[in-house]
Every structure is written in structure tokens, then in C-alpha cells.
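Engineer: the sequence isn't on hand, but the structure is:
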């Protein structure tokens, strides 16, 4: 019986073999040849062969099928160096050459390399060349560099990528001149291999290219990016993999990311995954939780955690909850300090979190004591009992008594109104949202908070319009509920809401939303924050955004800060440089100090200078130059209509002359006609 894990592995191998990408095909075949042979893998290889149209890749699959068959039947050839030498004199027997090389022992490999060089192996038929490149990657030396360099210009992509991969190991000194032109190759496989090689001497540029490939709309390019990502230091790519998880819901791609993360699992990674998953939709959230559990199991298996996987997961949930509360308090404190009545705002915000917790425990105790009450007792019950009945009203009871509840909603006291609103939110439909909307801008904290909670379920689009002002409300309890709800709404709504608040002309609103960005997954707010940072004119707010960046450092952020500093006014440069220094230091620590803060800044300066300054979504800094040009464009339009510019005046003069000439001709013709009529009479 094949387990789900093995069937998934088989599916992954089959996908690689039939992908049409030489790098993935050769990697899958190498893995198969290194492992113990099995009939199931042999069947899988045979089933893939009809789907492979590339002649070089098909040859390599047939070679592996024969090797598997020989191993399973115990017919391994007695390979000798003399036999290899004879075969190399007969290039048409290239399949036998490939099989012979595959069966060479490590002790014979060094001498075999000399035999291959003497036979000018790089001139052999194309299908066998990837096999020899892989062999030399293990057993070759810098002597093989000229032949590999020649093959790095080969027309066949599979040959080129395997040669480049081998050259990267045996003699990387010759890579720079070869790799640069390959970075723009139309062939994704060649481009991806070149990116991997580029990291050796230009880390910033290589990461930039890899991220572009990783977030491509082409699924094949994403697969290749993940394949080559394992060649980069894990800490360099982790921020991008986390962002990838938040944006991608393809099971196969997520499984590949999960494998990378499990192989590099560290104690803080589960927290990052849990934090990321909170704002995802249910199906996507379940997929990420699967990745999370895989990472926790990997930590347990490698003894990096003392607890069981389940105990660690339970502790993780508690940690996330505490972190949410801490950030909520900081966010509320920030909004309170920005309110017009600072003293009242500060006094209102934090204590009410505690009040809500007490209310929760009280209501739970009341529920236990009033378990026998039903809706039939509603009309004759006191307020406390009515609240108990409403708090545990089932959907069927709600539908049955909806009319009575709606009638009571208008005349009930605030606490009862709040309970009815919550009941509508739990059991109602989007059509019932209209019953609640009038309460959203009320004065009573009980009903407003209940309305926020209910509308989050019934009409989150409508609620999103009000959230910015509710998050600034004078009542701390309303601010708390609005901020909590803000974290739980749809990801696209969160992004849109934050982007709108960061672009607000009100410094108070911009200041208030910055701490709130810490409550959500950073990849979600990354783009709006970068754009806000580039446009912000307040040193205080630049510094606040910088603190968010410092908590989530990566090379791209460093480059964005550098670009902002380059385009900023002299008065803002010191603040931005301070942020640059802080983020570079945090990034250096996050990368295990493989690069110093100074080296990181130098690398990104080089990468930034190589970037074309074009107007694109990927270049948020181009927005500023566009805005700077806008006034000139507006002036040109005004001049065009008013006739103030030189070109317009010249055109107008020419048209005037033509009109005068035509008018003169028309006048002469009219006069001539009158004369002829007069003479005729």
C-alpha cells in the first residue's frame, strides 16, 4: 500500500519530469539514481516518457530507466576505465557512454576525468553532455573550466544549465562574464541558474532577481524559483517565503515551501507562520496551518524543542494571543495620545480592556446559572435574564422570533439593544445588516461595539468605511473593538483600508494607523508602508514607519529606504539615514551577521544604481517623479487651451492666415458673381 506521503512524492517527481524544464528533470533523475531502486519508480519513469518531447531530456529519462532496471535485476555492468576509453572512440554509442559514467566508482572517477578530457568530451553528441557535466560537478576541477565555459553558450538549455551548475562548483572565477548576459535569457531555466550563480559576487542583485521569479504570474517560473531558493542562505529568503505563503494557495507550491522550511526550522518560525495565517481565508488558512504543523514536528524531531508538538502548538496559541493584546494596547495608546482630549483618551483606553475581560467571566457564570431559561420566558423576565436568553439564542429560535426581536430593538435599553444586535450578527443574513447600520455611529459604547462585531459578519464592506473613524473614537472600548475587528476582516479590505489611512491628509490618522500595521501580517501592509514612507514629510512619522521596517527587515526594504533617502529633501535626509542604519543593523542580525550593516547598504546601493528608474508598481519611488511632473503637464494643458505656449501661438498664426486667404477668395467670387448677374440683366 502506498502512503499519502509517497504518492505525493511520486506526483512531485512526475511533475518535474514532465515540466519541460531541464533543471527540474536532471535534478529529479539524479535523486532517483542516488536512491534505492523500486518497481514503482520504474513505472513512473516509463509513464512519463511519452509526455516528454525534448530529445535531450527524453534521452536522460531512458538512461535512468535502464540504470534502474539493471540495479533491480542485479545486472550491473562491470565498468572499467579501459572500456570507457574504448567507448569514447565511438561517439555513436553515447547511451552506453552515459550508463558507464553513471556506474563509475568514486575511486575511478579522478582517472575517468582525465580520460574524458583527452577524448574532448564536450564534442560528444548533445544528449550525453548533461550526464558528463553532472559527473564533473562532483569529480572535476578547474582544468575542466574551458570546456564548461564553451557549453555555457550551448544552444540546448539543458546542456547550458548543467554546464553552468558544474562551473559554479569547479571554477566560479569565470562566472561573472558568463552569467550577466544569461540573466535576461528568455529561457526561465537558464535565467534561474544564472541567478543562483550571481549570488556568489552580487547578493543584492541575485536576491532581487530571485524574488522577481518567485512572484511571477507564471507557475513554471515559481517552481524554478523555489528549486533554486535552497541554494541561497535560508535567512535571506525566509521573509520572501513567508510573503509567498500569504499570497499563494497552490498546494504543490506550498508543499515545496514547507519542505524548505522544515529543513531549516528554527524556534521563531512557528510564531511567524501562525501570525501570518490569522488574516487568511479559511481554506488558505488551513493550508498554512498544515505548513505550521510540519515545521513544529520538524523542531520536535530534531530536539530543538523539549515539548511535544501538541504542547508547543498550544503554547504558541497563547503566545500569539498575548502578542495581539500587547500590540492592541500599544495601538490604542498611540491613538489616545493623538486625540484632542489626551487626558480623557489615555484614561479610557487601557482599563476598558480589563473591564471587558471581567464582563466576559461574569456572563459565563450567569449562563451556567440560567441554563433553564428559554425565549418563551423573554417577555416576563428581568434585564439580566433577557441578556442570558439572547446570549444563547439558537439560529432556529432567532428565525422564529425575529419579528419580536426587531420590534424590541427600537425601544430596548442599550445593554439589551447590544445583545439583540449580537444575536442578529450571529444568526442573521446580509439582508439584516440594514437593521444594525443605524447604530454604528451612535454614542453608546455597548451598542456601537455590538454593531461593529455584527457587521463584521453581515456586511464587512460597509463596516470598512467606518473603521478608520471608529479606531479614533473618544471611547476606548469602541477603539478596542474597532481595532480588533480591523485585524479580522478580509485581507484585501485590510490592505485597502491601511493604504487609504496612510495616504490621508490628516497626520493624526496616519500616525494612528502605523502602530495598527503591526497587528497584521507584514507582507500585507508592506507595499502601502513603502509608498507612505517615500511620500511622508513628517520626521516623526518617518521614524515610526522605520520601526515597523526594523521589525521586518530584508534587502528590498533596505533598497526602498535608500531610494527614499536619495529622493528626499535635505531636511528629511537625517531621519531617513537613521532609519537606514537601524534597518541595516537589524537585517545583519537576522542574517546571522553573514554581512555587516555597511556591506548590506553598499550592496543595495549598487543594486539601486543598476535599476532602471521607470514608472511601475514594483518601483514605488517612481510615483514621486510622476507627481513632480504632473504640475508641468497641467501647465502644458492650460497653455494649450489658453494659447500661451510658443507652439500654439505659431499654429494659431498660420491658421489665421489661411482663414483670411480663404475669406478673401470667397469675397472675390461673390463679387464676381454679382457683376455677372448685373451684366446679364
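Structural biologist: Yes, it's here. Values in this document were obtained by computation on a predicted structure and should not be read as measured data.
Engineer: residue 435 is in contact with residue 424, correct?
Structural biologist: Yes - the criterion here is Cβ atoms under 8 Å, and residue 424 meets it with residue 435 at 6.1 Å. All C-beta spots, glycine's among them, are computed from the backbone N, C-alpha and C.
Engineer: buried sites along the helix or strand where residue 43 lies?
Structural biologist: Assigned by DSSP states H and E, residue 43 belongs to helix 39-48. Within helix 39-48, the residues scored as buried using 16 or more other Cβ atoms under 10 Å are 41-42, 44-45, 48.
Engineer: can you map out the helices along the stretch 501-650 of the chain?
Structural biologist: 507-516, 522-535, 539-550, 555-567, 573-590, 597-610, 622-642, 646-680 (DSSP state H, counting those that start in this stretch).
Engineer: does the nearest residue to residue 201 once chain neighbours are set aside count as helix, strand or coil?
Structural biologist: Distances taken as Cβ to Cβ, 6 or more residues apart in numbering place residue 176 nearest to residue 201, at 6.2 Å, with adjacent residues excluded. Classification of residue 176 using DSSP: H, G, I helix; E, B strand; the rest coil returns helix.
Engineer: so what pLDDT did residue 176 get?
Structural biologist: pLDDT, the model's per-residue confidence, is 83 for residue 176.
Engineer: how near is it to residue 202?
Structural biologist: For residue 176, the distance to residue 202 equals 9 Å [Cβ to Cβ, to the nearest Å].
Engineer: what does residue 507 give?
Structural biologist: For residue 507, the distance to residue 202 equals 40 Å [Cβ to Cβ].
Engineer: higher neighbour count, those two?
Structural biologist: residue 202 (18 against 14; other Cβ atoms under 10 Å).
Engineer: which ones are touching the more buried one?
Structural biologist: Residues in contact with residue 202, defined by Cβ atoms under 8 Å, 6 or more residues apart in numbering, are 603, 606-607.
Engineer: TSV for those residues, including distance to residue 401?
Structural biologist: Formatted as TSV, those follow (distance: Cβ to Cβ, whole Å):
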residue	distance to residue 401
603	67
606	70
607	65
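Engineer: any of the residues you listed buried? List them.
Structural biologist: The neighbour count (16+ other Cβ under 10 Å) marks 603, 607 as buried among these.
Engineer: which among the contacts of residue 202 gets closest to residue 409?
Structural biologist: Relative to residue 409, the closest of these is residue 607; by Cβ to Cβ it sits at 59.9 Å.
Engineer: name the nearest residue to the closest one, ignoring sequence neighbours.
Structural biologist: Counting by Cβ to Cβ, 6+ apart, residue 607 lies nearest to residue 204, which is 4.0 Å off, once chain neighbours are set aside.
Engineer: now the helix or strand where the one you found lies: buried residues?
Structural biologist: In this structure, residue 204 sits in helix 203-214 according to DSSP H and E. Neighbour-count burial for helix 203-214 flags 203-211, 213-214 (criterion: 16+ other Cβ under 10 Å).
Engineer: mind putting these into TSV with pLDDT and distance to residue 234?
Structural biologist: TSV is the format used below for the buried residues of helix 203-214 (pLDDT from 0 to 100; distance: Cβ to Cβ, whole Å):
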residue	pLDDT	distance to residue 234
203	85	14
204	85	17
205	86	19
206	89	15
207	90	13
208	89	18
209	91	18
210	92	13
211	92	15
213	93	17
214	94	14
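Engineer: including distance to residue 394, could those residues go into CSV?
Structural biologist: Listed next are these as CSV, based on distance: Cβ to Cβ, whole Å:
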residue, distance to residue 394
203, 60
204, 59
205, 61
206, 59
207, 55
208, 56
209, 57
210, 53
211, 50
213, 52
214, 48
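Engineer: closest to residue 92 out of these?
Structural biologist: Nearest to residue 92 out of these is residue 213 (Cβ to Cβ; 38.9 Å).
Engineer: what's the closest non-adjacent residue to the closest one?
Structural biologist: Closest residue in space to residue 213, ignoring its immediate chain neighbours: residue 225 at 4.0 Å, by Cβ to Cβ, 6+ apart.
Engineer: just say helix, strand or coil for the one you found.
Structural biologist: Classified using three-state DSSP, residue 225 is helix.
Engineer: which residues touch it?
Structural biologist: Applying Cβ under 8 Å, 6+ apart, the residues near residue 225 are 192, 210, 213-214, 216.
Engineer: what ranges do the helices span in the stretch 101-250 of the chain?
Structural biologist: Under DSSP H, counting those that start in this stretch, the stretch 101-250 of the chain gives helices at 106-118, 129-139, 145-151, 157-170, 175-182, 188-198, 203-214, 219-229, 234-247.
Engineer: distance to residue 445 for these - can I get that in TSV?
Structural biologist: Converted to TSV, the helices of the stretch 101-250 of the chain look like this (distance: least, Cβ to Cβ, whole Å):
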stretch	distance to residue 445
helix 106-118	76
helix 129-139	68
helix 145-151	73
helix 157-170	64
helix 175-182	62
helix 188-198	55
helix 203-214	45
helix 219-229	48
helix 234-247	34
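Engineer: tell me which of those lies nearest to residue 544.
Structural biologist: Per Cβ to Cβ, nearest to residue 544 of the helices of the stretch 101-250 of the chain: helix 234-247, 20.5 Å.
Engineer: now the residue nearest the centre of the chain, nearest residue through space, not along the chain?
Structural biologist: Compute the mean C-alpha point of the chain, and by Cα atoms, centre = their mean the closest residue is residue 243, 3.1 Å away. Leaving out its chain neighbours, the residue that sits closest to residue 243 by Cβ to Cβ, 6+ apart is residue 523, at 3.7 Å.
Engineer: the one you found and residue 225, how far apart?
Structural biologist: Separation of residue 523 from residue 225 (Cβ to Cβ) stands at 16 Å.
Engineer: what pLDDT does the residue nearest to residue 243 get?
Structural biologist: 85.
Engineer: for it, give its distance to residue 275.
Structural biologist: Applying Cβ to Cβ to residue 523 and residue 275 gives a distance of 11 Å.
Engineer: about what we covered before: residue 22 is nearest to which of the helices of the stretch 101-250 of the chain?
Structural biologist: helix 157-170 (2.9 Å).
Engineer: show me where pLDDT drops low in this structure?
Structural biologist: 1-8, 331-373, 611-657, 659-660, 674, 676, 678, 680-681 (pLDDT under 70).
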